[in-house]
Each structure stands twice: as C-alpha cells, then as structure tokens.
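J.: Here is my input, please return the structure:
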Amino acid sequence: MTRTIAAAIIAALLFPAAAAATGARSASLAGAADYLLDDGQVYAWPCRAPQYYRAVIAELGVDGTRISDRSSVAGLYSDQERTLGVIGLAVNRTTGAQAALGDYLDHVYTADTVSVRANVIERLNQRGLGAGLADIPAPAGGVELLYARTFGDWTPGLRIERSAARDDETAAGEAREASSSVTGVTLSASYQPRDALRADASLEYAACSFTSGFTLDASGHSESFTADGARLAAARARAFYSLNEEMTLVPRLSLTNTRMGYAYAQSDTGHGAAGSAAATELALGIGWQYAPTPRYSLIAGLELGYRSAETVDSLIAGDPGDVRTTESTLALPVAHLGLEAQLTRWLTLRLAGSKRIATTEVVSEFSDQSGRTRKCSSDSYQLGCGLGIRTGGLSLDLAVNPELLYSGGKLLSDSGTWPVSQASLIYRY
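T.: Take a look at the predicted model:
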C-alpha cells in the first residue's frame, strides 16, 4: 500500500495539471518542454495566441486508440495586421479542470496490488448509501474560446472553457438525474519591452459541478449527492531572458490548487455525509536554452517540486475508519535535459529525459484515535523521443515509442507496441 500511495503521488507531481504544453512535441521533450514556446501553450497562456495566429491545430489522440473521440481541433484566426486581435476556438480538448473532475467521478482505486475503477456513486453504494442514485457521468471534451490582442509592449489574453454531461431517467413514479460540468476562465498577460526579454503571467479558475438525485413520488423519498466547493485554481509565471544570441534563461513558477468536495443527504431518514479531497502543487524551476545554430537547440532545466494533499472522506476517497489523511511530497532535484535538432529542411529529431528524486510522508488518523505515519522515497525517470515533419505550412509532430527499436512495433512484430504514442497536426495559413 505504501508503494501504491507513493507511486500515485509521484505520478501526480510528474504530470502536474495543465503545467506544460500539450501535444506530441512536448511529449517528445518530456519536462524540458516547460522551458520552450509552443503552439499548444495558448491554453495555459492565451496571451501567446498572437504568436500563432492563422493556425489549425489537431491533436490526434494517444497510442492510436479511440482517435475519433479523444482527438481535438483548435483554430486561431486574425487579419494580417492583427489590429482586431486573435480569436480562437478549440473543441473536444481535455482541460486540467475537466481531467481533475473526471478522475474524481470515475477513479481507479488501488488497494495493495488490486486496482478497480469505480464511479463515486458505486463507492457510496459500497458503504450502504445512495442505493437509488445513478452514476454521475464525467464531462467529455468541451468547447474553449480564446482571445488576445497586443497593445504596445503588453498583450492580454482570455480563455473560457465549458464542458458538461447529463443522464436523466423517469419511469413508474421514479426520477433519477445525474450531471456534471466544468466552467472556467483563464486570464493572462504578456510583457515584451524588448527582443531580449519577454514575460508571461496567467491566472486560471474553474468551477466544477456534479449531482445525482433520486425521488420516489409515492412516498416522497429523495436522495441527493451534490458538489460542495469543487474547483481548480492555478497561477503561473515565466520569463525568457536572452543572455546573448545563443543562450536564454527561463525561470518559471506554477502553483495549482484542486478541491473536490461533496454533500449527501436523505429526506426521510435524515442520514447525511460529507467529504473532501484537496491538493496543492508547486513547481519552481530555472531553465537554460542553448542554440548555437538555428539547426539545433539544447534545453536544460532544474526544478523543485512540492505537493501537499488532505483527504477528509471515509466514503469515497478513503476507507471506513479513516478520519483524515495528509500527504506531502518534496521532489528535489528535478532535472530535465532535451535536444531538438533539425536533421534536414523537413525533418526534426527530438530527444529528452526527466529525472525526479522525491520523498513522501503520509499521515493517517483513524476514528479510534490511533494514527499512522509512513515515509518513502522514489527515484523516477521519464524518457521522450519524437520526430517533426514539415512541408510548406503543414507540420506533423510524432511522439515515438522507444520500445519500437527493440520490438519493431505492432506493425512488424504484433508486439502490442504502437510505433507512435501521440501525434499532432498543425497547418499554418
């Protein structure tokens, strides 16, 4: 159990919500992507949209599975002079808030070596409550609107997101309804007083909602399971400072707080329950770009990562008898190293690795006034490699599965390994 909890915490630190650019390029460059400019970063930094105006970006899913519903498309448009600003529309993209809510509603619970996926209502049923409630559907990819406009040295940007899901049923004097939604906004600003300095700041807030209700007309019985203070808030800042024509320093800060809480009530018995799970993640780092020629660049980064979480919930997230669980993880050092090299006019190679050394402490309090403290450490590594193919205004970025070199991939050896683990298609017009 200790290894399981530690692995989950380290995984959360390794992939912080909405901390990096999405897409195959950033997957290929692992953690080094946090210290580069990228088309996919317009969601976390909408102020950067003018840099990628007149573009269509398609994310084609991961590992070649369920491409039709896991892919997303975004378009950015402006007139040639950008006098009216840049407007963008993205559809079916999974945002950080949506991913957090989806994981809470439909979570993989692990005990020792057994992992089971269950809806929150299933967990409630296992505790003898909510028998009449329907499972709550998690929202699928939604719609995002982006806008940015430059005023001298300043460029403000705005992003609005909305996604929702609903499942209602009425029959024989019974009514069940279940729904969830995410509504969020990101405000950002970019400041570039000269070519050698550019700085970005961003604030994000997303309200998450979910509910499952049941009513029985004959007896007037009703049950409800609703969100209580569910939301995500994030603050980000970064700067690109050119030391000379070859080297650039990139400090960055990312702070994310997520809370998912609920309230359960029955009308006739008066039975009720409440619980919450909250987490705060911090990443503080300094990056270095070295590009002696336009054909290749080396990216290095050194970071400190911290995550703290508190769970006060014995029904959904915890086990009977749990009163409170607090977790804290310190990752130091976190090192990233990446290379992006243009092999030919149309082909780019990417290779990167991220190393993270972390310690975790888990403190549990139980209803019998007892407690338990567990400490463990982790030494994890992430490898990324990929290719970029360019022809005219069309770009295809591929995150290549490293196992391809040994197995030949699914096409050659039927090994089950997909040659490409992620693909992004960009057209600039």
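
J.: okay, now the closest residue to Phe366 other than its chain neighbours: neighbour count?
T.: Of all residues beyond its chain neighbours, the one nearest Phe366 is Gly321 (5.1 Å), with distances taken as Cβ to Cβ, 6 or more residues apart in numbering. Any C-beta I mention is one placed from the backbone N, CA and C, and that applies to glycine too. Per other Cβ atoms under 10 Å, the neighbour tally for Gly321 reads 12.

J.: What distance do you get for Gly85 to Leu105?
T.: 36 Å (Cβ to Cβ, to the nearest Å).

J.: Please list all residues in contact with the residue nearest to Phe366.
T.: Applying Cβ atoms under 8 Å, 6 or more residues apart in numbering to Gly321 gives the contacts 314, 366-368.

J.: Pull the contacting residues for Thr311.
T.: So, once contact is read as Cβ under 8 Å, 6+ apart, Thr311 ends up touching 275-278, 317-318, 322, 324-327.

J.: Which members of these are positioned in strands?
T.: 275-278, 322, 324-327 (DSSP state E).

J.: closest to Arg295 among the residues you listed?
T.: Glu327 (45.1 Å; Cβ to Cβ).

J.: thought the closest one was touching Thr359?
T.: No - Glu327 is beyond contact range of Thr359, at 11.6 Å (criterion: Cβ atoms under 8 Å).

J.: When these two are compared, which one has more neighbours?
T.: For Glu327 and Thr359, the more surrounded residue by other Cβ under 10 Å is Glu327, and the numbers stand at 21 against 14.

J.: can you pull the contacts of that one?
T.: 5, 9, 307-311, 360-363.

J.: what's the answer for Ala206, then?
T.: 95-97, 161, 182-185, 231-233.

J.: Relative to Val323, how far out is Asp368?
T.: 9 Å.

J.: What values do phi and psi take at the closest residue to Ser242 other than its chain neighbours?
T.: In this structure, Ser242 finds its nearest non-sequential neighbour in Ala196, 4.1 Å apart by Cβ to Cβ, 6+ apart. Dihedral pair for Ala196: phi -80, psi -10, per degrees, to the nearest 10.

J.: Roughly how far does Ala196 sit from Ala118?
T.: From Ala196 over to Ala118 (counting by Cβ to Cβ), the distance is 53 Å.

J.: Which one of those two is surrounded by more residues?
T.: More crowded of Ala196 and Ala118, by other Cβ under 10 Å: Ala118, with 16 against 13.

J.: Correct me if wrong: that one contacts Tyr104.
T.: No - judged on Cβ under 8 Å, Ala118 makes no contact with Tyr104 at a distance of 11.6 Å.

J.: Alright, that wraps it up for me.
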